[in-house]
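Visitor: When you get a sec, could you give me coordinates for this:
(one chain, ligands or ions: 1)
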Amino acid sequence: MEAGDLRGVVALDGPSGTGKSTVARRLASRLGASYLDTGAMYRAVTLATLRAGVAPDDEAAVLPIAEAVDLRMGTDPERPTVHLGDEDIAAEIRGRAVTLAVSAVSAIPGVRELLKAGQREIIARECARAGGIVVEGRDIGTVVAPDAALKVFLTASSDARAQRRARQDAAEGRVSTVDDTRQDVDRRDRLDSSRAAAPLRAAEDAVRLDTTDLDLPAVLDRLLAIVDERGLRGVAAERAGW
Ligand code: DC
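Guide: Okay, the predicted model is just below:
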């Protein structure tokens, strides 16, 4: 990828089902930027934990697993990838077993410290290479990239989030009902928001956007307008005289 239009980091946080992943990927594509899904990193460590037969809340046993994983994140927004060593784990980390266990693993402070360091490394590398990166997660604006040029916190009603999540599950071939999904979404939000280490919350200087009644193009238009208002399009845009 050549240097794109975005200058710096866009942090996109919020609970699941707000459209965060789709918005983050499309925004990165439109800006020629890199893309990082930090939730996938917590999911990958969770998968390794389950495979090792370790309880996801067993801090002392999970930490060495997190330290040992060979986690490789692909940052192309058109084709983001997640590998453990050479193994493509993109589908498996979205399954029910990982989804049920990931909040416990991501509540472990040592795991968060490790992944934060890895995330910062990827962000620095991609900013140097591509000019900018869109990073999605729960604590990007508050902890991982507190100096991000733009912080966005997406929200949506619990119903809208459950429906989107169930549609996404169906599209990707996973069996779920809206009721099950609502329970999952609510349970994870409760756990993610109440944990002591880097809980899910909006940074004070984040732009809050409620996506309940907005479709994807409307959310993207709004975010691209903010990127432009803040002058975050870089050299490529300036060269083209935009
Ligand atoms: O976005 P997701 O549903 O794939 O995230 C999976 C879990 O990982 C989520 O329940 C909370 C956790 N997570 C986190 O604690 N911090 C992040 N930056 C990203 C995800």
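
Visitor: Could I get the buried residue list for the host helix or strand of residue 102?
Guide: For residue 102, the element it lies in under DSSP states H and E is helix 96-106. Going by neighbour count (16 or more other Cβ atoms under 10 Å), the buried part of helix 96-106 is 98, 99, 101, 102, 103, 104, 105, 106. Every residue, glycine included, has its C-beta placed from N, CA and C.

Visitor: before we move on, what about stretch 62-73?
Guide: Of all the residues in stretch 62-73, those buried under the rule 16+ other Cβ under 10 Å are 62, 63, 65, 66, 69, 71, 73.

Visitor: now what about that stretch, what contacts it?
Guide: For stretch 62-73, contacts defined as Cβ atoms under 8 Å, 6 or more residues apart in numbering pick out 36-37, 40-41, 44-45, 48-49, 52, 54, 56, 80-85, 105, 108, 110-111, 114-115, 118, 122.

Visitor: Narrow the residues you listed to those in strands?
Guide: Judged by DSSP state E, those include 36, 37, 81, 82, 83, 84 as members of strands.

Visitor: what's around the last one, how many residues?
Guide: With neighbours defined by other Cβ atoms under 10 Å, the count for residue 84 comes to 18.

Visitor: Excluding chain neighbours, what is closest to residue 55?
Guide: residue 61 (7.2 Å; Cβ to Cβ, 6 or more residues apart in numbering).

Visitor: need the buried residues of stretch 62-73 in TSV with distance to residue 198 and secondary structure, can you?
Guide: Shown next, in TSV, are those (distance: Cβ to Cβ, whole Å; DSSP: H, G, I helix; E, B strand; the rest coil):
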residue	distance to residue 198	secondary structure
62	16	helix
63	16	helix
65	20	helix
66	15	helix
69	20	coil
71	19	strand
73	19	strand
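
Visitor: Keep only those that also lie close to the ligand.
Guide: Checked against the ligand using Cβ under 6 Å from any ligand atom, the buried residues of stretch 62-73 give no members in range.

Visitor: pLDDT for those - can I get that in TSV?
Guide: As requested, the buried residues of stretch 62-73 are exported to TSV (pLDDT from 0 to 100):
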residue	pLDDT
62	98
63	98
65	98
66	98
69	97
71	98
73	98
